[in-house]
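*Asks:* just need the structure, nothing else, for what follows:
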Amino acid sequence: MTKSFGILSVVIIIFFISIASAQIVDVTAEISVDRMPETERNNLKTLEQLIPPYFENYDWIENTYGIEVPLKISIFPQSVNTSGFERIFTAQMFISNAASDQRFFEKNFKFVYNTNSPLIHSDMITPLTGTFDFYAYLFLAGELDTYEPLGGNSIYEKARDIATRGQISERPVGWKQRIQELDEILRLRDYRMAKYYYWSAVDLVYQKKNKAVAGAINKMLEHIGKMFEQNARERYTHIFLDVHARDIAEIIRDFGTPQQGDKIIALDSDNEKIYKKILQK
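*Replies:* Numbering: from 1, shown residues only. Reported below is the predicted structural model:
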């Protein structure tokens, strides 16, 4: 899906902003219950059905660009303990967008879920919905970074607010690590800018502004280079490149220069075979 819509489409989006569709769409949730007792299995399967509408039927941000972010959520409960009237689950959780160029994994996700409990959006930070809210904003901020340079800053701060309040809540487990994850992303300015220029190149191709594509590619490569000067194995950048290597190679082949092909191979040797196979066609 292109990130740019042209003047007419932007006008349409602004005109209909008051009735913009949900920003998080096509959510798939799967809770593996193999290790759980029978009662918990049934309850967790109920929770599984509640997760998609929790994300989809809520206006997370002012959706100026008409953003739609599909999510996949997989939860693997490992144990359950009862404390008073509460059941506390310990689980692993993997959450990603459709392309999987944004993905997060929690090894020790603790949450409370009781029989027939609804999922409700609230200012009160709970281990379950608070965590969902945190990641919703992380994904939306990451998506906004592809529309404007560092465009997700204000939404990343919404995630920080949730995590900060989570740390001082009755159940602070996990929030310190989430803040660390957020801080790491915000420190990676060149990773975020490389994403922006990649999608700028994609949009320029879509708009048939072919002469401008090489300039966007140069900017993307410049920021990847700066990122890897700081840390050659920076994981977010490598995840992004792994997902988009084929498309990057095709854009460089069709609209870039041989020098740009050589540079991406030098920067991202992990995907050298993909680049060479496509660039040599």
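*Asks:* pop the domain breakdown of the protein in here.
*Replies:* Following automatic domain parsing, the chain resolves into domains at 6-187, 190-279.
*Asks:* just those: most buried one?
*Replies:* Per residue and on average, the most neighbours among the domains of the chain fall to domain 190-279, with a mean of 18 (mean count of other C-beta atoms under 10 Å). Just so you know, the C-beta spots here come from the backbone N, C-alpha and C atoms, and that holds for glycine as well.
*Asks:* how about the helices in the stretch 1-150 of the chain?
*Replies:* 6-15, 38-56, 129-144 (DSSP state H, counting those that start in this stretch).
*Asks:* which one, of the ones you listed, ends up nearest to residue 228?
*Replies:* Closest to residue 228 of those is helix 129-144 (C-beta to C-beta; 19.7 Å).
*Asks:* show residues contacting the closest one.
*Replies:* Under the criterion C-beta atoms under 8 Å, 6 or more residues apart in numbering, residues 23-24, 51, 54-55, 60-61, 65, 67, 69, 71, 93, 95, 97, 102, 104, 109, 111, 119-122, 151-153, 155-156, 158-159, 162-163, 165-166, 169, 174, 178, 182, 185, 195 lie in contact with helix 129-144.
*Asks:* rerun at 6 Å
*Replies:* 23, 60-61, 67, 69, 95, 97, 102, 119, 151-152, 155-156, 158-159, 162-163, 166, 178 (C-beta atoms under 6 Å, 6 or more residues apart in numbering).
*Asks:* just the strands in the stretch 101-250 of the chain please.
*Replies:* Ranges of strands in the stretch 101-250 of the chain, per DSSP state E, counting those that start in this stretch, are 103-112.
*Asks:* what's the separation between the nearest residue to residue 185 once chain neighbours are set aside and residue 162?
*Replies:* Distance criterion C-beta to C-beta, 6 or more residues apart in numbering; nearest residue to residue 185, sequence neighbours excluded, is residue 236 at 6.8 Å. Counting by C-beta to C-beta, to the nearest Å, the gap from residue 236 to residue 162 is 21 Å.
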